[in-house]
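Engineer: here is my input; please provide its structure:
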Amino acid sequence: MSKKTIKRNMKLKTKKKEKIKDPRKETMNVVKVIVGFILFLAIGYVMAALITGEYKLKEQPSINTSIILASATFKQTTSDYYVLYYEFGSDDETELETLITDNSDDKFYKVNLKDKMNKDYVTIVGNKKVTSVDDLMINGTTMIHIQNGENVLYLEGLSNIKSNFD
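Structural biologist: Model prediction:
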């Protein structure tokens, strides 16, 4: 064989080697393409959901410090506040919430009389001269005005509570 033929054969062999690919590399390339496509679709879906409002980022939950247990009636840090006792979800709730909104300069705490933790304080007759949680007795919708840890006003019934703020 001539030198030219040998060179040509060598070139053909190297070209064939270049065409023969490693099956592992082929598999990895296919996997990379599939993973990239799936990521592209997922990111596109999330973006579309955020834009359309289908998915909303979670907001930090807020703690409602205005709802307390009856046992905490005299333990609040503010010196002048009102405590409203009523059954959450009752007919009185809407009017009491309006009262709280209309008197936003005053601090109100709410006690749910339906709560099992407050059942010990719900009685047939309320104690208008309550001085501590030990003698706290609530009869239905009630409001206590506390100044410097002392009961200065005790009102029972929605109409009496509303008339205090008129």
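Engineer: alpha carbons only for contacts and neighbour counts from here, please
Structural biologist: Fine.
Engineer: where does D91 fall, phi/psi-wise?
Structural biologist: The phi/psi pair for D91 (degrees, to the nearest 10) reads phi -60, psi -30.
Engineer: correction: the previous question concerned E156.
Structural biologist: phi -110, psi 140.
Engineer: over to V130?
Structural biologist: phi -60, psi 130.
Engineer: contacting residues around the nearest residue to it once chain neighbours are set aside?
Structural biologist: Counting by CA to CA, 6 or more residues apart in numbering, the nearest residue to V130 once its immediate chain neighbours are dropped is L136, at 5.6 Å. Neighbour list for L136: 121, 126-127, 130 [criterion: CA atoms under 8 Å, 6 or more residues apart in numbering].
Engineer: ok, now how distant is L136 from N164?
Structural biologist: Applying CA to CA, to the nearest Å, the value for L136 to N164 is 21 Å.
Engineer: and for M28?
Structural biologist: Taken as CA to CA, the span from M28 to N164 is 78 Å.
Engineer: quick one: least confident helix or strand in the chain?
Structural biologist: helix 3-19 (a mean of 62; mean pLDDT, DSSP states H and E).
Engineer: what is the neighbour count of K32?
Structural biologist: Using other CA atoms under 10 Å, K32 has 12 neighbouring residues.
Engineer: could you look up the SS state of it?
Structural biologist: helix (DSSP: H, G, I helix; E, B strand; the rest coil).
Engineer: strands of the protein, start to end?
Structural biologist: 80-86, 108-112, 142-147, 150-156 (DSSP state E).
Engineer: need the buried ones from the contacts of L136 selected in PyMOL.
Structural biologist: To isolate in PyMOL the members of the contacts of L136 that are buried, counting by 16 or more other CA atoms under 10 Å, one can use:
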select buried, resi 121+126+130
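Engineer: distance from the chain centre to stretch 148-156, please.
Structural biologist: Centroid separation between stretch 148-156 and its chain, computed with CA atoms, centre = their mean, to the nearest Å, is 33 Å.
Engineer: next, count neighbours for L39.
Structural biologist: There are 12 residues near L39, going by other CA under 10 Å.
Engineer: got a pLDDT number for it?
Structural biologist: In this model, L39 is scored at 92, pLDDT.
Engineer: and if you look at the one 4 residues further on?
Structural biologist: In the prediction, the pLDDT value recorded for I43 is 89.
Engineer: give the burial count for it, as a bare number.
Structural biologist: Neighbours of I43 (other CA under 10 Å): 12.
Engineer: what lies in contact with stretch 69-83?
Structural biologist: 106-112, 117-118, 121, 132-133, 143-150.
Engineer: show me which of these are buried.
Structural biologist: Judged by 16+ other CA under 10 Å, buried ones among the contacts of stretch 69-83: 108-112, 118, 121, 143-146, 149-150.
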